[in-house]
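A.B. asks: show me how the following folds:
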Amino acid sequence: RTVLNVLPLLVFAYACHQVCFPLVDELHDNTLLRCDLTFGGALTLASAGYFFVALSGYKTFGSSVVPDIMSLYPQNIWISVGRIGLAMNMAFSFPLQSFSFRNSMSVLMFGKPAVELSKPLYLTLTYALVFLAMFIAIAVEDMSVILSYSGAIGASALAYILPGVFYYRYFNNEWGPTRVLAAFMMVFGVIFMPTSVILEALKGH
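C.D. replies: Take a look at the predicted model:
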């Protein structure tokens, strides 16, 4: 794999922007300093976990490592505990991601947050998103494909394009290094998204 093939996975790994607003709302005494410390600590902890897992995989299997590293380990009690832990992580992460996803879809489709929908419509939207996610999980065998496309499309918009557009648009009276960086992020995201999608599609042929 080239750097451009792997970069969408890296972008997806740090694309946590959609849960920032609920976390800020729930954070006690949510000053800018406390928000920075919270997000910085979370990113540091995630980076340490990513580094440990990646290093362990390469130290164990070298260049023969595959995206689903758990499939390379033998069947024993410790690997079973690891698989159970991974399943629990997915189970508890899904509601957090679904909350933001459902709310965004509700605003786009009906013009109001999900909590303001009627109960039948609220349940219909919730179950539709759950069954859609379940169908994709059953239909796709290689999780790295989903993560690559998610990173190339969704995470590129969340991490580069939209933050750059928002900052560039709302601080249009100021010119400085930060606004230049915002413009660079926006342009980089616009180029990176189609390039990554094309490379991922060509990888399957």
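A.B. asks: in this protein, which helix is the longest?
C.D. replies: Counting by DSSP state H, the longest helix found in the chain is helix 77-110.
A.B. asks: show me what that helix is packed against.
C.D. replies: Packing contacts for helix 77-110, counted by 3 or more C-beta pairs under 8 Å, 6 or more residues apart in numbering; DSSP states H and E, involve helix 119-139. C-beta coordinates here come from the backbone N, C-alpha and C atoms, glycine included.
A.B. asks: between helix 77-110 and the helix it packs on, find me the angle.
C.D. replies: Angle, helix 119-139 to helix 77-110, by axes from the mean of the first three to the mean of the last three C-alpha atoms, to 10 degrees: 140 degrees.
A.B. asks: so which elements touch helix 119-139?
C.D. replies: For helix 119-139, the contact count by 3+ C-beta pairs under 8 Å, 6+ apart identifies helix 77-110 as packing neighbours.
A.B. asks: give the buried residues for the helix it packs on.
C.D. replies: Within helix 77-110, the residues scored as buried using 16 or more other C-beta atoms under 10 Å are Phe101, Arg102, Asn103, Ser106.
A.B. asks: do the same with stretch 187-204
C.D. replies: Burial within stretch 187-204, assessed by neighbour count using 16+ other C-beta under 10 Å, is assigned to Gly189, Val190, Phe192, Met193, Ser196, Val197, Leu199, Glu200.
A.B. asks: can you redo these as CSV with distance to Lys112?
C.D. replies: Formatted as CSV, the buried residues of stretch 187-204 follow (distance: C-beta to C-beta, whole Å):
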residue, distance to Lys112
Gly189, 28
Val190, 30
Phe192, 33
Met193, 29
Ser196, 33
Val197, 32
Leu199, 38
Glu200, 35
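A.B. asks: narrow these to those in helices?
C.D. replies: Those of the buried residues of stretch 187-204 lying in helices (DSSP H): Gly189, Val190, Phe192, Met193, Ser196, Val197, Leu199, Glu200.
A.B. asks: format the residues you listed as JSON lines; extra columns: distance to Asp29 and pLDDT.
C.D. replies: What follows is these, written out as JSON lines (distance: C-beta to C-beta, whole Å; pLDDT from 0 to 100):
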{"residue": "Gly189", "distance to Asp29": "33", "pLDDT": "87"}
{"residue": "Val190", "distance to Asp29": "38", "pLDDT": "89"}
{"residue": "Phe192", "distance to Asp29": "37", "pLDDT": "84"}
{"residue": "Met193", "distance to Asp29": "37", "pLDDT": "86"}
{"residue": "Ser196", "distance to Asp29": "39", "pLDDT": "81"}
{"residue": "Val197", "distance to Asp29": "42", "pLDDT": "83"}
{"residue": "Leu199", "distance to Asp29": "45", "pLDDT": "79"}
{"residue": "Glu200", "distance to Asp29": "43", "pLDDT": "76"}
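A.B. asks: Ser71: which of these is nearest?
C.D. replies: Using C-beta to C-beta, Glu200 comes nearest to Ser71 of those, at 20.8 Å.
A.B. asks: thanks a lot, see you next time.
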